[in-house]
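**Q** Structure here, sequence nowhere to be found:
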């Protein structure tokens, strides 16, 4: 049993296994990029399952809609961490032992090495030894006496490039640090999204009477909120954001060029100060506002139609509600309104519930009519130039009193199938137009305003992810550019001075090491560079030719 455990540990901590697990982790993340994820948008996942039937149900059982929280992704992640740590620790110990070990003695026959040179100089051996030592400054040098040398002569062993392995180790440590920072960030992060209806610069936009303020003081202030398992909802950094406007720039073909939003903000106790003293900022896509440890992003926008209903007794109700864009280019949008009738008209609660009004349909910021009768509504341009709606108006139980949350984008289909809601009208309305129902109730399309989708994100480990990434990049460059090489110099007394023999060996590859070895030999021996000699010769020949 112990043998199998030891073999399994050796397999897990091999570099080959670590690379395989890293590749497998990258493959495992692909479904998270291709399929909708519950952590990002649960509604998209539900729509995908409804549209794809049995296949989507299989995906769901395989946790492909929760990739980064799945058991199998976590298992790969943990195995990769164990493998990397198991690789790094013994390699670090081996590198430390190698660094502390003196350079090895010169081989007996230096002429058998890939790089070799020899010659004589008219200098005493001691002087040549000092000069060689000076030239090898920056190398790790070890002197061996004739008794220690394999060939029975004075020799110097020098080695350089230890930082290559060190850079390699730091690179792998950076991978571990990056994975740990990402994992720690997912444990304590929070992210909230809120739709804020703003004043629009479009001349057809209706005034906004609702609050355009977003405060990071409670999770209830967000339309959607998600957080890591260690965040309990009480650690929000308090700040408030006042949204003044939203502006979108479009190309002639309708493609969005830039979204901007002017905001004012305050943090901490400054929230309670005069709003005129708040700081101003212009939010743009990919240019978040950073404050109190959080980042505020402008993610997108859409339109919020406004309807006014006037009952026969003269009472009115006005609502503005954001609708979801079904066409991301020209912003044809869909959504729902629900209206409760005035209490005085129907004192009986049951009768009042049977006379609720629901509106469901499409909104186009720039209306374009098509179809055989010219009644099919589409949008011709994303900017609000000629707003219109195509709506169905229902009367009955709209689900306001069921005790269940109701979608703002579609009606409960069970209420339609059961007959609890009856369609009273199907009509197209342009801004300012009205339709009157059979009981005298008037429904008016007032127009629309724009809304911005704002996201507040907090991840205290984000900066450590950046640091780990930079360390990995620098270490990778070092491991690829630094060369591990050795050189030996053997000195023997000669009749005319000292005989010097050189040997060179690259520990990794020879790229660039040959010229460096040749230069080192020329400097020690005092030889001229053959390339320079040839160039001088060519110059002399050219002068003589002229």
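**A** In hand now; what should we look at? For clarity, every value in this text was computed on a predicted model and none was experimentally measured.

**Q** Can you spell out which helices and strands pack onto the host helix or strand of residue 352?
**A** Following DSSP states H and E, one finds residue 352 within helix 349-353. Contacts defined by 3 or more CB pairs under 8 Å, 6 or more residues apart in numbering; DSSP states H and E place helix 349-353 against no helix or strand at all. (C-beta placed from N, C-alpha, C; glycine too.)

**Q** Begin at 5 from now on, thanks
**A** That works, and once the first residue is 5, the last one we named lands at helix 353-357.

**Q** who's in contact with that helix?
**A** The set of residues external to helix 353-357 that reach it, using CB atoms under 8 Å, 6 or more residues apart in numbering, is 344-345, 347, 349-350, 401, 404-405.

**Q** Please, where are all the helices along the stretch 305-454 of the chain?
**A** Along the stretch 305-454 of the chain, the stretches classed as helices by DSSP state H, counting those that start in this stretch are 353-357, 417-421.

**Q** buried set for the first one?
**A** Right, helix 353-357. 356-357 (16 or more other CB atoms under 10 Å).

**Q** looking only at pLDDT, what's the mean for it?
**A** Mean per-residue pLDDT for helix 353-357: 80.

**Q** Neighbours of residue 17, how many?
**A** Number of residues near residue 17 (other CB atoms under 10 Å) recorded here: 19.

**Q** and the closest residue to it other than its chain neighbours, what does it touch?
**A** Nearest non-adjacent residue to residue 17, counting by CB to CB, 6 or more residues apart in numbering: residue 90, 2.9 Å away. Residue 90 makes contact with 13, 16-17, according to CB under 8 Å, 6+ apart.

**Q** ok, so of these, who is nearest residue 455?
**A** Nearest to residue 455, judged by CB to CB, of the contacts of residue 90 is residue 16 at 51.5 Å.

**Q** and the gap between the closest one and residue 32?
**A** Residue 16 is 18 Å from residue 32, where distance means CB to CB, to the nearest Å.

**Q** again with residue 361
**A** Taking CB to CB, one finds residue 361 at 49 Å from residue 32.

**Q** and what of residue 226?
**A** In terms of CB to CB, residue 226 sits 30 Å off from residue 32.

**Q** Any regions of the stretch 155-304 of the chain where pLDDT drops low?
**A** Along the stretch 155-304 of the chain, the model assigns pLDDT under 70 to residues 205-207, 213-214.

**Q** just so I have it, where are all the helices in it?
**A** Taking DSSP H, counting those that start in this stretch to define them, one finds helices in the stretch 155-304 of the chain at 166-192.

**Q** Let me know which of the helices of the stretch 305-454 of the chain is the nearest to residue 8.
**A** Here helix 417-421 is closest among the helices of the stretch 305-454 of the chain (CB to CB), at 57.4 Å.

**Q** quick one, phi psi at the closest residue to residue 113 other than its chain neighbours?
**A** With sequence-adjacent residues excluded and distances taken as CB to CB, 6+ apart, residue 113 is closest to residue 155, at 8.0 Å. In this entry, residue 155 is assigned phi and psi values of phi -100, psi 0 (degrees, to the nearest 10).

**Q** ok, now which ones touch residue 155?
**A** 110, 112-113, 494.

**Q** Mind checking which of the residues you listed are in helices?
**A** Among the contacts of residue 155, no member falls in helices (DSSP state H).

**Q** Between those, which sits nearest residue 485?
**A** Using CB to CB, the contacts of residue 155 come closest to residue 485 at residue 110, 27.3 Å.

**Q** Please name the residues that touch the closest one.
**A** Residue 110 neighbours (CB under 8 Å, 6+ apart): 148, 153-155, 159, 161, 492-494, 507.

**Q** rerun that using 7 Å as the cut-off
**A** By CB atoms under 7 Å, 6 or more residues apart in numbering, residue 110 lies in contact with 153-154, 159, 161, 492, 494, 507.

**Q** So which of those residues wins on neighbours?
**A** Using other CB under 10 Å as the neighbour criterion, residue 159 leads these with 26 neighbours.
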